[in-house]
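In: based on what follows, work out the 3D shape:
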Amino acid sequence: MKKLRFLLALLAIFSLFAVSCGDDDSADEPAPAAGTPDSGLVFHMITHSDDGPFWSVVKRGAEAAAAHVGVTLVWNPSNNDPGVQASDIAAAVAANSDGIAASLPSPDQLIPPLQEAVAAGIPVYTLNSGVNDYQAIGATSHVGQTEVIAGNGAGLRFNDLGATKVLCGIQEQDNVALGERCDGLAETFNGEVVQGFMDLDANQVAQEGAINAALAADSDIDGFLGVGPVIAMSGLSAAKALGKDVGSSFHVGGFDITPDIIDAIEAGEVAFTVDQQQYLQGYIPVVLMFLEATNQNTLGGGLPILTGPGFVTPDNAAAVKALVAAGTR
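Out: You can find the predicted model right below:
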């Protein structure tokens, strides 16, 4: 009977991919496949999520996977507070969680509680941020993208656009992964990179004001890279408010996907956004934890499982836009 439940759950996993290939708008709210068993397993996903446009898609992916394999998912967002995140990890360990998936924006504060989870025999996976530290934790694998390489790709695209000086704006001051995106940009960009914290996504008025001030103070800046989708749009607004000729002599790039940034790409105002496929960052860890808990399967061979980078440009924006509307990109 246990083996039958396992096989039914695997069948449910594959059914999601079959559904996602169709045109049914129900992909926005995936439901468990008929016959999906309740495994009794409880997994915790503990991230620095602010439940904004990026993390809402991560959450949707995690919830879809949990429904398809028949597990209970406890979603713990911390709104960029590593202290809250560390406390949530400790609580999950105390609750004897069957698996923990966690982002790692502040390694110094989050590595110790995750090491305690591993010591307690709980399978741990890192997602989104943590590619440099998951092995030190003892995590099974990391699901996400290599941030420096993603930044490298952005630098090459700014070269192609003819930019000479790029402002790289960061929206989470202590998130090392975001700094790595700017570092990667500087490695491949032929011009000069100026990097700075431009306030939080939660305060877009202050964020746009900070970018506006930085651009106004240096007329040589002819490009802006926002290392998230919201800050990229704040950069676009700031540039337009200053009368910059966006899409021609001033170029904007971003990271990740929202309906707004896709619309701006279609309009020719944003040149590109780096796509790390955050739906997979929610979905895949749940499946991996389920397979490890029920069948002692592991993936990655100790190496990270990469979900990106890819790029959304005017060439493919229309195709991606439909998937954004469905809630899976």
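In: helix/strand/coil for the closest residue to G99 other than its chain neighbours?
Out: If you skip the residues right next to it in sequence, G99 has M289 as its closest partner in space, 3.3 Å away by CB to CB, 6 or more residues apart in numbering. Yep, even glycine has a C-beta here, placed from its N, CA and C like the rest. Following DSSP: H, G, I helix; E, B strand; the rest coil, the label given to M289 is helix.
In: residue contacts, M289?
Out: When contacts are counted by CB atoms under 8 Å, 6 or more residues apart in numbering, M289 is found next to 41, 43, 71, 98-99, 101, 123, 125.
In: how about the strands in the stretch 101-250 of the chain?
Out: Secondary structure of the stretch 101-250 of the chain (DSSP state E, counting those that start in this stretch): strands at 124-128, 141-144, 165-170, 192-197, 223-226.
In: quick one: closest of these to T307.
Out: Closest approach to T307 among the strands of the stretch 101-250 of the chain is made by strand 141-144 (5.9 Å; CB to CB).
In: same for that closest one, what does it pack against?
Out: Contact here means 3 or more CB pairs under 8 Å, 6 or more residues apart in numbering; DSSP states H and E; on that basis strand 141-144 packs against strand 124-128, helix 278-295, strand 305-306.
In: residues in contact with that strand?
Out: For strand 141-144, the surrounding residues in contact (CB under 8 Å, 6+ apart) are 101, 125-131, 134, 276, 280-281, 284-285, 288, 298-300, 302-308.
In: could you flag which of these are buried?
Out: For these, a burial check counting by 16 or more other CB atoms under 10 Å picks out 101, 125-131, 134, 276, 280-281, 284-285, 288, 300, 304-308.
In: hmm, back to that, would you turn the helices and strands packed on strand 141-144 into JSON lines with mean pLDDT and distance to A154?
Out: Converted to JSON lines, the helices and strands packed on strand 141-144 look like this (pLDDT from 0 to 100; distance: least, CB to CB, whole Å):
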{"stretch": "strand 124-128", "mean pLDDT": "97", "distance to A154": "18"}
{"stretch": "helix 278-295", "mean pLDDT": "97", "distance to A154": "17"}
{"stretch": "strand 305-306", "mean pLDDT": "96", "distance to A154": "16"}
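In: and N80, its phi and psi?
Out: phi 60, psi 30 (degrees, to the nearest 10).
In: for it, what are its contacts?
Out: Residues touching N80, when contacts are defined by CB under 8 Å, 6+ apart, comprise 48, 50, 105, 172, 175, 200.
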